[in-house]
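*Asks:* With the input below, show me the fold.
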Amino acid sequence: MLKPDVIAWFDGTEHDFLSNFHASPIRAYDELLDGFVDVPTVEHGFQADKTVDFTVRKRILGALDPGLAKQLGRRCSLREDWETIKIGRMHNWLRLKFAIPDLQRQLLATGDAVLIEGNSWGDRVWGQVDGIGQNWLGRLLMNVRAEIRETAQCR
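*Replies:* Sure thing, here's the model as predicted:
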């Protein structure tokens, strides 16, 4: 049996569109802010979701780049239910990102490749380091890819 291709690293490669830092302008409804917000990257949206502090949330969403949004998200007071909702929130942001036609085409072009967010910064929850980690980002990306295919078949 043939093993599917593996995409084991996103940043700085032809697959950097899979990274949460990749530009993916999303207009989304924010329940806390009670209105639509423009979110430049998945990282901005995900980090803002960590807090219920109105001011901090707006600051994260307005961060000049995803690296700064991540820094702000690491310093904010986490909402009480964060550990139980964070995977679902990431899944939602990825669905929104890959509803953008160009990004959707690129995701589908990965075929059946196993997607692994390899990294050197020690993240073994969302990715893998030296092949070790839960790879939640990769797993959710593959799930979104499957959802897009399933929806296309139903048309």
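
*Asks:* okay, CA-based contacts and neighbour counts for the rest of this
*Replies:* Will do.

*Asks:* Any stretches of this protein with poor pLDDT?
*Replies:* By pLDDT under 70, the low-scoring segments of the chain are 1-3, 155.

*Asks:* quick one, strands of it?
*Replies:* Along the chain, counting by DSSP state E, strands occupy 6-9, 26-30, 35-39, 114-118.

*Asks:* Of these, flag the one that's most buried.
*Replies:* Mean neighbours per residue, mean count of other C-alpha atoms under 10 Å, is largest over the strands of the chain for strand 114-118, with a mean of 24.

*Asks:* That one: how far from the chain's middle?
*Replies:* Averaging C-alpha positions (C-alpha atoms, centre = their mean, to the nearest Å) puts strand 114-118 13 Å from its chain's average.

*Asks:* before we move on, what about stretch 79-86?
*Replies:* Here stretch 79-86 shows a centroid-to-chain-centroid distance of 16 Å under the convention C-alpha atoms, centre = their mean.

*Asks:* Now tell me what touches that stretch from outside.
*Replies:* 50, 51, 52 (C-alpha atoms under 8 Å, 6 or more residues apart in numbering).

*Asks:* Hmm, residue 73 and the first one touching each other?
*Replies:* Same thing as residue 50. Yes: between residue 50 and residue 73 there is a contact at 6.8 Å, judged by C-alpha atoms under 8 Å.

*Asks:* Not counting sequence-adjacent ones, nearest residue to residue 23?
*Replies:* residue 41 (5.2 Å; C-alpha to C-alpha, 6 or more residues apart in numbering).

*Asks:* Confirm for me that the one you found is in contact with residue 26.
*Replies:* Yes: with contact defined as C-alpha under 8 Å, residue 41 reaches residue 26; the gap is 7.3 Å.

*Asks:* No more questions from me, cheers.
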